[in-house]
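Colleague: Sequence and predicted structure are below.
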Amino acid sequence: MAPTLSRLRPATEVEIMDRLATGRRICAPDMSGLQRFAFAVLAAILPLLAAAQSAEPYPSRPVKLLVPYAPGGATDIIARQLAAKLEQALGQPFVVDNRAGASGNIALEAEAKAAPDGYTLLVGNVSTNAINESTFAGVLQTQPSRDLVGISKLVEIPHVLVAATSFPPNTVAEVIEWAKKNPGKLNYASAGIGTYPHLDMLRFAKAAGIDVIHIPYKGGAGQMLPALMSGEVQLSFINLASTIEQVKAGRIKAIATTMPTRLPELPSVPTMAEQGFPGIGTNAWQALFAPAATPKPILDKLHAAVVAALSKPEMKEALSKQMMTVSLSGSPQAFTEEVRAETRTWAQVVSEHKVKIE
């Protein structure tokens with residue numbers, strides 16, 4: 001008769017694993033096949049149970065969301081909206097940390113150097129994560145396409161060519177005419193050297209045959225808007241999420257939109273294409289990023305939480321009122337590859353206009 005389990009000599013986990021590895025029997029030679037199977041299963045799951053007990057669920061403490069610009073711009077707006085929803089979904093605070101400066105590179109480098117544990121994330125955009133790699137190749141201490149991975153695209157935002165109310169022109173043709181009559185006097189704002197508002201204006205100026213003076217603002221739209229409203233600068237390509245209220249209130253004026261067709265919110269404002277400059281102007285995206293070595297389960301959990309939060313009809317409606325269209329990625333891997341491809345495209349634009357920061 002086979003011995004009962006109570007009569008068997010207990011074996012330690014180390015003994016179990018060692019004896020299984022060498023093919024020896026764990027206990028009595030006449031142990032039944034069922035008993036041997038039970039011990040084998042126990043030996044296999046013990047390490048897994050120990051690991052599960054020692055591993056902390058993610059997230060188990062507050063998560064920091066780095067924002068590369070000052071409060072008030074589109075990147076900051078979506079970061080704060082997202083932080084609140086992720087906190088509700090994942091049960092830990094998601095804290096926005098504005099790290100303005102150096103055209104977004106301060107936050108970009110901080111993210112690349114952060115521990116790849118999911119507790120320091122970056123809400124970046126097309127400038128920081130697709131353009132800066134080329135424009136700041138000589139000084140940037142990180143290579144975003146290599147050192148960061150995407151979690152998901154969040155929103156896309158239409159852009160407008162806006163002007164100070166004190167600036168006389170009201171159309172693209174009038175802007176060009178004014179610039180040619182007043183050489184060296186037309187200035188424009190951007191979120192920094194090499195950002196898409198800078199590159200878009202260079203493309204426009206080249207196509208129009210005019211000279212423009214660049215006034216960069218390290219704080220992004222949060223600093224560009226006061227400069228436009230005060231008349232400190234005359235012109236800018238800027239996202240509509242940051243400017244729609246000021247345009248409607250008459251604090252700045254819209255010259256053109258960069259969308260293929262007119263926007264319902266600004267039906268009287270013609271597109272760049274209508275005014276003779278198709279393809280000029282960027283409709284930018286905002287997205288969530290993490291350090292490249294962040295474990296896949298954490299990336300997937302964040303992606304799922306982002307998709308769930310931004311897919312809700314009430315969230316889409318709230319963002320739509322701020323001129324943000326929800327645009328989610330299929331997976332972190334797919335979005336990472338998308339960003340890398342766009343980085344290569346912008347590298348060609350940067351090279352064409354010889355934009356470099358030494």
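Modeller: Received, thanks.
Colleague: can we go C-alpha only for contacts and neighbour counts from here?
Modeller: Fine.
Colleague: How is the residue nearest to Lys153 when sequence neighbours are not counted assigned, secondary-structure-wise?
Modeller: In this structure, Lys153 finds its nearest non-sequential neighbour in Ala287, 4.2 Å apart by CA to CA, 6 or more residues apart in numbering. Under DSSP: H, G, I helix; E, B strand; the rest coil, Ala287 falls in the strand class.
Colleague: What residues are recorded as beta-bridge partners of Ala287?
Modeller: Residues in a beta bridge with Ala287, per DSSP bridges, are Gly124, Lys153.
Colleague: what sits against it?
Modeller: With contact taken as CA atoms under 8 Å, 6 or more residues apart in numbering, Ala287 is in contact with 123-125, 150-155.
Colleague: so which of those comes closest to Ser230?
Modeller: The shortest approach to Ser230 among the contacts of Ala287 belongs to Asn125, at 26.7 Å (CA to CA).
Colleague: Toward the C-terminus, what is the element adjacent to the one helix or strand Leu202 maps to?
Modeller: Taking DSSP states H and E as the definition, one finds Leu202 inside helix 196-208. Downstream of helix 196-208, the next assigned helix or strand under DSSP H and E is strand 213-216.
Colleague: name the helices or strands packed onto that following strand?
Modeller: Counting contacts by 3 or more CA pairs under 8 Å, 6 or more residues apart in numbering; DSSP states H and E, strand 213-216 packs against strand 187-190.
Colleague: Could you give the average pLDDT over the strand it packs on?
Modeller: Averaged over strand 187-190, pLDDT sits at 96.
Colleague: Pull out the buried residues from it.
Modeller: 187-190 (16 or more other CA atoms under 10 Å).
Colleague: hmm, back to that, how distant is the helix holding Leu202 from the center of its chain?
Modeller: Distance of helix 196-208 from its chain centroid, counting by CA atoms, centre = their mean, to the nearest Å, is 23 Å.
Colleague: follow-up on the earlier one: please pick the buried ones from the contacts of Ala287.
Modeller: Buried members of the contacts of Ala287, scored by 16+ other CA under 10 Å, are 123-125, 150-155.
Colleague: and the helix or strand containing Pro297, C-alpha only, in CSV?
Modeller: Element membership for Pro297 (DSSP H and E) is helix 296-310. Extracted C-alpha coordinates of helix 296-310, given in CSV (Å, rounded to 0.1, in the frame of the first residue of the first chain):
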residue,chain,number,x,y,z
LYS,A,296,6.2,45.8,-20.9
PRO,A,297,3.5,44.9,-18.3
ILE,A,298,3.7,48.5,-16.9
LEU,A,299,3.5,50.0,-20.4
ASP,A,300,0.6,47.8,-21.3
LYS,A,301,-1.2,48.7,-18.0
LEU,A,302,-0.7,52.4,-18.6
HIS,A,303,-1.8,52.1,-22.2
ALA,A,304,-5.0,50.3,-21.2
ALA,A,305,-5.8,52.9,-18.6
VAL,A,306,-5.2,55.8,-21.0
VAL,A,307,-7.4,54.2,-23.7
ALA,A,308,-10.2,53.5,-21.2
ALA,A,309,-10.0,57.0,-19.8
LEU,A,310,-9.9,58.9,-23.1
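Colleague: Which elements pack onto it?
Modeller: Contact analysis of helix 296-310 by 3+ CA pairs under 8 Å, 6+ apart lists helix 74-90, strand 148-157, helix 332-352 as its packing neighbours.
Colleague: where's the dip in pLDDT among the contacts of Ala287?
Modeller: Out of those, that is Asn125, at 93.
Colleague: how close does that residue sit to Gln286?
Modeller: 4 Å (CA to CA, to the nearest Å).
Colleague: Can you report phi and psi for Ala102?
Modeller: phi 50, psi 40 (degrees, to the nearest 10).
Colleague: Any buried residues in stretch 184-202, and which?
Modeller: Neighbour counts over stretch 184-202 (16+ other CA under 10 Å) mark 186-202 as buried.
Colleague: Same check on stretch 344-357?
Modeller: For stretch 344-357, the buried set under the neighbour-count rule, 16+ other CA under 10 Å, comprises 346-347, 349-350, 355-356.
Colleague: Any idea which of the residues you listed the model trusts least?
Modeller: Sorting the buried residues of stretch 344-357 by pLDDT puts Lys356 at the bottom of the list (75).
Colleague: who touches that residue in this structure?
Modeller: Shown in contact with Lys356 (CA under 8 Å, 6+ apart): 134-138, 194, 350.
Colleague: Just the closest of those to Ile77, please.
Modeller: The nearest member of the contacts of Lys356 to Ile77, counting by CA to CA, is Gly194 at 22.0 Å.
Colleague: Can you report phi and psi for that closest one?
Modeller: phi 90, psi 0.
Colleague: ok, and the closest non-adjacent residue to it?
Modeller: Per CA to CA, 6+ apart, closest to Gly194 is Thr135, 5.5 Å.
Colleague: My guess is that neighbour contacts Val349. True?
Modeller: No. The criterion here is CA atoms under 8 Å, and Thr135 misses it with Val349 at 9.9 Å.
Colleague: which other helices and strands contact whatever helix or strand comes next after the helix holding Pro297?
Modeller: Downstream of helix 296-310, the first helix or strand assigned by DSSP H and E is helix 313-320. Under the contact definition 3+ CA pairs under 8 Å, 6+ apart, helix 313-320 sits against strand 325-326.
Colleague: What strands line up against the strand it packs on, and which way round?
Modeller: By DSSP bridges, strand 325-326 pairs with strand 148-157 (antiparallel).
Colleague: Mind listing what's buried along the helix or strand that comes right after the partner strand?
Modeller: Per DSSP H and E, the first helix or strand lying C-terminal to strand 148-157 is strand 159-164. Across strand 159-164, burial judged by 16+ other CA under 10 Å covers 159-164.
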